[in-house]
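>>> Show me the folded form of this:
(one chain, ligands or ions: 1)
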Amino acid sequence: MTSNPQLSASKATSPSPSPIQAKHQVQLGNSDLFVSRIGLGCWPMAGITSLGISDQESIATVHAALDHGINFFDTAYAYGYDGRSDHVLRNALQSRRGDAIIAHKVGLHWDAQRQRCVDGTPATLIKNAQECLKRLDTDYVDVMYLHTPDPNVPIEDSAGAIAEICKRGWARYAAVSNVDLEQAIRFSAICPLVAIQPYFNMFQQDAVQALLPIAKSQNISMVCYWVLMKGLLSGKLQRDHVFDPADRRLTYPIFQGQAWQRAQDLLDRLRSISSELGCTVAQMVIAWTLTKSGVDVVLLGAKRPEQLIESAHALELQLTPEITAQMDSWIEVE
Ligand SMILES: NC(=O)c1ccc[n+]([C@@H]2O[C@H](COP(=O)([O-])OP(=O)(O)OC[C@H]3O[C@@H](n4cnc5c(N)ncnc54)[C@H](OP(=O)(O)O)[C@@H]3O)[C@@H](O)[C@H]2O)c1
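Numbers count the residues shown, from 1 in each chain. A predicted model of the protein is given here:
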């Protein structure tokens, strides 16, 4: 079991970056954690909505991340009906736990009928946290998020439980996901935050915009998900792509009808300019995202090492202001 560095004087407080990695890292809020600006999202490892997942490939993807300077891993109690992503992460990290910064989320689970349940009651959050440490075979995670506010529980109560999890040494820092500005303010009044996790992508920029005031005034990092919109913005799904009926992406409006056609129109423009630049659409989209105000870290799910490696190279891509402005203008006309 890996112990909490705050409780163990012999361990470094956080993995120290190599000079090459350092330029692609940010300090997470007011913490002493320096995380890569790309984090590996562990949701695909759960195999719930992603097709063709194997634990072996997921483990190889975690190793590829570490080997390419990605040190930030985003898992959750609900990433798998029985904690599959935590188990994969534990097996992948083993001797490399000290190289990884693990963020976890509690407050969402699957019931016996495999229905998604939000439960932000303090007792459940504490229980979820205790269980995730066992699954990960560690006695702390670096960051613990409330996954999403529970409409039946005052957010102050859930925040108090996340603060308690930190006080017990099970997590070094607190964070929250899927909140609006008012909820973030109420949460942080009870429990100081190092990160907020909203969605952000070329089509959906509103959540980050709305949270900017608290992020700036309290120095809270924004760690954004759905940057590739579940693979759509990698540009690899062509206009005539035939989805497997089991592919749950079909349930998202952007993968249907007119919205799909408009997204493909945008992608055609991105495909053309990325081939001129000699990069991929995914790299261009990630690089563009990293220029956006308020976006500190992008979380990227990946099913295989090649996807992660391709995405990681976006850290080296510098788009000119003219190109980012052009990309902005294409969104406005969408
Ligand atoms: N806080 C929350 O409520 C919340 C919600 C959602 C997500 N998250 C976090 O954010 C992470 C990212 O979201 P996500 O995993 O749902 O979606 P995502 O990162 O938008 O998309 C991941 C999918 O895109 C495809 N892909 C990834 N890299 C690619 C590449 N270089 N080229 C081509 N395709 C590529 C893969 O699917 P295919 O190969 O099948 O195309 C992969 O499974 C999650 O893993 C999770 O950690 C948090």
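>>> can we go C-alpha only for contacts and neighbour counts from here?
OK.
>>> Count the residues that sit near the nearest residue to C42 once chain neighbours are set aside.
Leaving aside its sequence neighbours, C42 sits nearest to T75 (C-alpha to C-alpha, 6 or more residues apart in numbering; 5.2 Å). By other C-alpha atoms under 10 Å, 26 other residues sit near T75.
>>> mind listing what T75 touches?
G41, C42, W43, S85, D86, I102, A103, H104, K105 (C-alpha atoms under 8 Å, 6 or more residues apart in numbering).
>>> where does K292 sit relative to the ligand, distance-wise?
17 Å (C-alpha to the nearest ligand atom, to the nearest Å).
>>> try M229
In terms of C-alpha to the nearest ligand atom, M229 sits 4 Å off from the ligand.
>>> what kind of secondary structure is that residue in?
coil (DSSP: H, G, I helix; E, B strand; the rest coil).
>>> phi, psi of it?
M229 adopts backbone torsions of phi 40, psi 60, taken as degrees, to the nearest 10.
>>> And the closest residue to it other than its chain neighbours, how far from the ligand?
With C-alpha to C-alpha, 6+ apart as the criterion, M229 has its nearest non-adjacent residue at 6.7 Å, and that residue is N201. N201 is 8 Å from the ligand, where distance means C-alpha to the nearest ligand atom.
>>> Beta-bridge partners for N201, please?
Counting by DSSP bridges, N201 is bridged to Q204.
>>> Now for it: which residues touch it?
Y225, W226, V227, L228, M229, T289.
>>> got JSON lines for those residues, with pLDDT and neighbour count too?
Shown next, in JSON lines, are those (pLDDT from 0 to 100; neighbours: other C-alpha atoms under 10 Å):
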{"residue": "Y225", "pLDDT": "98", "neighbour count": "22"}
{"residue": "W226", "pLDDT": "97", "neighbour count": "20"}
{"residue": "V227", "pLDDT": "98", "neighbour count": "25"}
{"residue": "L228", "pLDDT": "97", "neighbour count": "24"}
{"residue": "M229", "pLDDT": "95", "neighbour count": "21"}
{"residue": "T289", "pLDDT": "98", "neighbour count": "22"}
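>>> Between the contacts of T75, identify the one with the most neighbours.
With neighbours taken as other C-alpha under 10 Å, the top of these is S85, carrying 29 neighbours.
>>> ok, the strand or helix carrying it near the ligand or not?
Using DSSP states H and E, S85 maps to helix 84-93. No - counting by C-alpha under 6 Å from any ligand atom, the ligand has no neighbours in helix 84-93; the shortest distance is 9.8 Å.
>>> Excluding its own residues, what touches that helix? List them.
By C-alpha under 8 Å, 6+ apart, the surrounding residues in contact with helix 84-93 are 42-43, 45-46, 55, 58-60, 62-63, 75-77, 79, 100, 132, 135-137.
>>> Next, the angle from the helix or strand following it to helix 84-93.
Using DSSP H and E, the next helix or strand after helix 84-93 towards the C-terminus is strand 101-106. Here strand 101-106 points in a direction 160 degrees away from that of helix 84-93 (axes from the mean of the first three to the mean of the last three C-alpha atoms, to 10 degrees).
>>> Tell me which stretches of the stretch 51-200 of the chain form strands.
72-74, 101-106, 108-110, 116-118, 141-146, 171-177, 195-197 (DSSP state E, counting those that start in this stretch).
>>> Same check on the stretch 201-334 of the chain?
Using DSSP E, counting those that start in this stretch, strands in the stretch 201-334 of the chain cover 221-224, 297-301.
>>> Need those in TSV (columns: mean neighbour count).
Shown next, in TSV, are those (neighbours: other C-alpha atoms under 10 Å):
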stretch	mean neighbour count
strand 221-224	26
strand 297-301	26
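>>> How many neighbouring residues does A64 have?
So A64, with other C-alpha under 10 Å, has 19 neighbours.
>>> Read off the pLDDT value for the nearest residue to it once chain neighbours are set aside.
Among residues not flanking A64 along the chain, P305 sits closest, at 5.7 Å (C-alpha to C-alpha, 6+ apart). Per-residue pLDDT puts P305 at 97.
>>> And for P305, the neighbour number?
Neighbours around P305, by other C-alpha under 10 Å: 18.
>>> Repeat that for T124.
Here the count is done by other C-alpha under 10 Å, and T124 has 17 residues near it.
>>> wait, what's in contact with it?
Counting by C-alpha under 8 Å, 6+ apart, T124 touches G107.
>>> Stretch 172-191: which residues count as buried?
172-179, 181, 183-185, 187-188, 190-191 (16 or more other C-alpha atoms under 10 Å).
>>> I'd like to check which residues are in contact with A207.
For A207, the contacting residues are D180, P198, Y199, F200, by C-alpha under 8 Å, 6+ apart.
>>> What of D157?
Going by C-alpha under 8 Å, 6+ apart, D157 touches T121, P122.
>>> Next one: it from M327, what distance?
To M327, D157 is 42 Å away according to C-alpha to C-alpha, to the nearest Å.
>>> try K303
Taking C-alpha to C-alpha, one finds K303 at 27 Å from M327.
>>> which one of the strands of the stretch 201-334 of the chain lies closest to the ligand?
Proximity to the ligand (C-alpha to the nearest ligand atom) singles out strand 297-301 among the strands of the stretch 201-334 of the chain, at 3.4 Å.
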